[in-house]
Each structure stands twice: as structure tokens, then as C-alpha cells.
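Asks: Fold the following and give me the result.
(one chain, ligands or ions: 2)
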Amino acid sequence: MHPTRVIGLMSGTSVDGIDAALVEISGTDLDLKIELVAGETYSYPAELQEKILAICAGAAISMAELAELDDAIALAFSQAAQNIQIGHPPATLIGSHGQTVYHRPPQINGEKTSLHLSLGYSLQLGRGDLISRLTGITTISNFRVADIAAGGHGAPLVPRVDAYLLGHPQEGRCIQNIGGIGNVAYIPARCDNWLSQILGWDTGPGNSLLDLAVQHFTDGAKSYDENGTWAASGTPYQPLVEKWLSQDYFHLPPPKSTGRELFGVTYFNNCLQDAQVYQLSPADVLATITELTAASIVHSYRTFLPQMPQRVLLCGGGSRNLYLKHRLELLLASIPVLTTDDVGLSAAFKEAIAFAVLAYWRQLGIPGNLPAATGAEQEVLLGEVHSNSTA
Ligand SMILES: Nc1ncnc2c1ncn2[C@@H]1O[C@H](COP(=O)(O)OP(=O)(O)OP(=O)(O)O)[C@@H](O)[C@H]1O
Ligand SMILES: CC(=O)N[C@H]1[C@@H]2OC[C@@H](O2)[C@@H](O)[C@@H]1O[C@H](C)C(=O)O
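Replies: Ligands and ions are numbered 1, 2, ... in the order given. Sure, this is the predicted structure:
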């Protein structure tokens with residue numbers, strides 16, 4: 001059987017641009033194989049990026065503006081899909097995550113009588129029907145809603161894909177994404193009821209607070225701390241790391257999910273106020289926030305995993321932050337920390353690849369969520385199918 005050529009499109013909580021992956025996919029589960037034919041990140045037009053960030057930070061917009069924004073994002077995603085195919089045979093399917101602008105986890109303590117009020121809510125803009133119309137390619141979008149309707153968080157969705165692409169016969173692994181937000185998939189060594197033992201959750205801040213700090217200290221001249229060099233020149237202030245780590249989210253048992261609603265501008269401003277009390281330099285603030293990111297990840301492994309992994313594989317933009325990687329290595333003691341690149345899966349494009357696989361599974365009628373990772377009551381088909389009727 002020929003592999004299926006699929007485009008995965010993703011823009012994450014960093015809102016730094018659209019990751020596009022053109023992949024060839026074959027197999028279904030343990031025989032699942034992907035080949036990355038092309039991967040590119042396409043920056044958002046500056047004005048569009050500003051609007052998205054403002055809305056994520058709580059700015060009010062009218063319904064008409066919301067519709068315009070939805071279409072502008074769909075247009076940018078369509079252009080990304082068209083560009084990634086240049087010089088390659090065309091794709092037959094698009095899996096488009098869209099742009100998250102709001103995420104509200106389910107209220108797990110809700111009264112039984114008001115369960116309908118306790119469902120989560122997650123909004124990704126960039127409507128699939130417009131992408132399908134503009135590209136002429138069947139597009140699957142809105143991946144999170146079915147899991148949420150089944151009582152889940154709608155996130156993280158990548159662990160099932162991680163399990164098949166990065167699971168190992170003898171080795172327990174944590175696949176740690178460090179995007180705007182961090183998330184982990186814990187994949188024990190393959191055994192009989194292996195799939196049911198996989199866990200996943202959002203660990204907390206990835207780069208979101210670090211990026212906000214860099215933008216603050218440079219008056220917007222820089223958007224992130226390249227390779228973590230600035231943070232590496234400072235010293236983490238441990239009492240603040242401990243104070244911040246005492247926050248509820250880090251102690252909540254999985255399944256759990258979060259976003260810029262919690263680890264965004266307000267959270268960063270509170271960090272900054274705390275840091276001012278101790279007169280920390282910008283470099284020390286960056287080092288202290290980096291330490292929070294690393295410590296929250298390791299603390300969550302030690303608290304919520306049945307056993308520590310034998311290897312940690314990093315992915316997402318934060319895997320390029322050498323200082324953060326170094327701090328993770330120190331906190332994880334003897335557990336090796338590599339990136340997914342080191343085992344042959346692109347760390348930069350893994351999320352885009354995952355949404356290509358989720359779209360492919362949707363077409364084959366294979367569920368994409370893992371109830372242990374999202375908290376859903378059952379496995380469900382993920383994504384809404386938008387077939388192109390004008391082609
Ligand atoms: N060379 C680098 N050094 C340090 N940090 C980097 C580097 N390259 C990228 N980053 C960080 O990675 C971030 C982007 O990561 P990524 O694209 O994985 O996030 P995302 O997909 O938007 O987020 P999420 O996974 O939460 O949805 C940037 O905002 C920046 O902070
Ligand atoms: C609502 C939303 O967009 N959540 C993202 C975000 O980015 C990282 C973390 O928070 C996460 O788990 C999730 O995305 C990944 C791709 C997921 O669903 O697996």
C-alpha cells in the first residue's frame with residue numbers, strides 16, 4: 001500500500017508562527033511510520049500575531065472581529081499548506097490544529113447535577129472549511145472538541161502519537177514538549193496492556209513566561225532568550241522557585257491541562273513583583289523562571305509517575321534552550337536527557353507531524369485521544385472533516 005501524503009499544521013501557545021509538516025504516513029499503530037518530506041515554520045504577519053496575543057491575554061473583540069480573525073488565520077494556514085507542497089507531489093489530506101485563543105479545563109469538582117456546566121472549553125481559530133476550500137484538500141480541524149464533549153480536557157492529544165512513534169520495547173520514556181506550555185507523555189516499555197499505561201499531562205509553563213520576561217527586559221526588541229544564554233549568566237533564586245512551585249496547578253494530579261490563561265501576562269507580572277522584592281537582576285529573573293520550568297517538569301514526574309523514566313526526550317522550541325536542558329539534566333540526576341531529533345523524529349515539527357497523524361487516523365476511523373492523558377470517559381474519533389466540494 002502506498003503511504004498517504006498528509007500536511008500537519010500547528011500554531012502553538014507561543015504564537016510564533018505556523019509549523020507545517022508534509023509527511024508520508026503508512027501503517028496504523030505499532031507499524032505506524034512517518035517520513036518528514038518537508039517542514040517549515042511560517043511567521044504570522046506582525047499585525048495578526050499582535051491581535052492573537054492580545055486576545056489570548058483577555059482583550060475584548062466584537063463578533064465581527066472574531067469572524068475576521070478566524071478567516072485571517074485560516075488564510076495564513078492555507079498559505080502555509082500551499083507553500084509546504086512546492087516542489088513536492090501534492091498532499092491528499094490536511095490536519096490543521098489551528099490557533100488556540102482560549103482554553104478552559106473541565107471543572108472536575110463540579111456537582112453531579114451540573115455536569116453539563118463542568119465540561120471544558122477550548123477554542124482554536126482558523127476554520128477548516130475555509131482551509132479546505134482555499135487549498136482544495138480535505139481538511140480535518142477542531143481536534144479537541146470531541147474529547148472535551150466526552151468529559152476530557154481536549155489536551156494533551158499528542159501522547160497517543162508519541163506512543164507509536166517513540167515508544168521503545170525495553171525502555172520507559174518521557175517525551176517532554178517545551179512549547180509555550182510544557183506537556184509530557186510517559187511511555188513505559190512496551191508490554192501487553194501497554195497503551196493503557198501511557199500517561200500524559202500539561203506540566204505548566206514552557207517558554208511562555210521566559211518569552212514574556214525577555215520581551216519585558218528588552219522593551220520588545222527580543223522575543224526569546226536564544227539558547228538560554230541570558231538566563232545562563234544569572235543565578236536562580238531558590239526561595240522564589242519554591243514559592244512559585246507551591247502554586248495549586250503543580251500539585252493537581254493528572255489528567256490536567258493549562259494555557260496562557262494561567263501562565264501568561266498576569267502570572268508573569270506577579271513573578272516580576274516577587275523578583276523586585278529581592279532586587280533580582282534581569283539575568284537572575286530569567287534564571288529563576290527557567291528553574292521554575294525545569295523544576296515543575298521534574299517535580300511532576302517524581303509526584304505523578306509510577307516510576308521514573310529511563311530516558312527523557314525533549315521536543316518543541318524549548319529543547320533548543322541549552323541552559324534549560326542543562327538544568328533539567330541536573331535535576332534528573334542520572335536520567336539521560338536527549339531530544340527527539342536524536343532518535344530520528346524532528347523536535348521542531350513533532351507537533352505538526354502529530355496533527356497529520358491524527359487527521360490520518362480520523363480518516364481511517366481510529367481514535368486519537370488517550371483517556372488517561374485527557375481524562376475523557378472513552379476513546380473518541382478526533383476532528384471534524386471538511387471535504388472540499390468545489391475541487
Ligand atoms: N534557539 C532557541 N533557544 C531558546 N529558546 C528557543 C529557541 N528556539 C525556540 N525557542 C523557544 O521556543 C518557543 C517556541 O516553541 P514552540 O514552537 O515549540 O512552541 P508552541 O508550539 O507555540 O507552543 P505549544 O507547544 O505550547 O503549543 C519560542 O517562543 C522560544 O521561546
Ligand atoms: C489548548 C491547547 O492548545 N493546548 C496545547 C498547549 O501547547 C502545549 C500544551 O498546551 C498542550 O498539551 C496542547 O497541545 C499539544 C499539541 C497537545 O494537545 O498534545
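Asks: Now look at the longest strand seen in the chain and say if it contacts ligand 2.
Replies: Ranked by residue count under DSSP state E, the longest strand found in the chain is strand 93-104. Yes: contact of strand 93-104 with ligand 2 (CB under 6 Å from any ligand atom) involves Thr100, His103. Quick note: C-beta positions are derived from backbone N, CA and C, even for glycine.
Asks: Mind giving me the packing neighbours of that strand?
Replies: Judged by 3 or more CB pairs under 8 Å, 6 or more residues apart in numbering; DSSP states H and E, strand 93-104 is in contact with strand 4-11, helix 46-56, helix 63-84, strand 121-125, helix 128-135, strand 139-141, helix 350-364.
Asks: Briefly note if the second one comes near ligand 1.
Replies: No: Helix 46-56 does not reach ligand 1 (CB under 6 Å from any ligand atom); its nearest approach is 11.0 Å.
Asks: Just confirm yes or no for that helix near ligand 2.
Replies: No: Helix 46-56 lies out of reach of ligand 2 by CB under 6 Å from any ligand atom, never closer than 10.5 Å.
Asks: Can I get that helix in CSV? Just the C-alpha atoms.
Replies: C-alpha atoms of helix 46-56 as CSV (Å, rounded to 0.1, in the frame of the first residue of the first chain):
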residue,chain,number,x,y,z
ALA,A,46,3.1,41.0,12.7
GLU,A,47,-0.4,42.6,12.9
LEU,A,48,-2.1,39.2,13.1
GLN,A,49,0.3,37.9,15.7
GLU,A,50,-0.3,41.0,17.9
LYS,A,51,-4.1,40.5,17.6
ILE,A,52,-3.8,36.9,18.6
LEU,A,53,-1.6,37.6,21.6
ALA,A,54,-3.9,40.4,22.7
ILE,A,55,-6.9,38.1,22.6
CYS,A,56,-5.1,35.4,24.4
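Asks: What's the per-residue pLDDT of the nearest residue to Arg5 once chain neighbours are set aside here?
Replies: Nearest residue to Arg5, sequence neighbours excluded (CB to CB, 6 or more residues apart in numbering): Ala91, at 4.5 Å. Reported pLDDT at Ala91 in the predicted model: 98.
Asks: before we move on, the earlier item: from the chain's centroid, how far away is the longest strand of the chain?
Replies: Relative to the chain's own centre, strand 93-104 is displaced by 10 Å; criterion: CA atoms, centre = their mean, to the nearest Å.
Asks: mind listing what's buried in that strand?
Replies: Going by neighbour count (16 or more other CB atoms under 10 Å), the buried part of strand 93-104 is Leu93, Ile94, Gly95, Ser96, His97, Gly98, Gln99, Thr100, Val101, His103, Arg104.
Asks: just stretch 254-271 next, same as before
Replies: For stretch 254-271, a neighbour-count test (16+ other CB under 10 Å) marks 254-260, 262-265, 267-268, 271 as buried.
Asks: One more: stretch 16-35?
Replies: Within stretch 16-35, the residues that count as buried by 16+ other CB under 10 Å are Asp16, Gly17, Ile18, Asp19, Ala20, Ala21, Leu22, Val23, Glu24, Ile25, Leu32, Ile34.
Asks: Next, give phi and psi for the fourth one.
Replies: With angles defined as degrees, to the nearest 10, Asp19 sits at phi -90, psi 130.
Asks: ok, it - contacts?
Replies: Gly8, Leu9, Met10, Ser11, Gly12, Gly39, Glu40, Thr41, Ala348, Phe349, Glu351, Ala352 (CB atoms under 8 Å, 6 or more residues apart in numbering).
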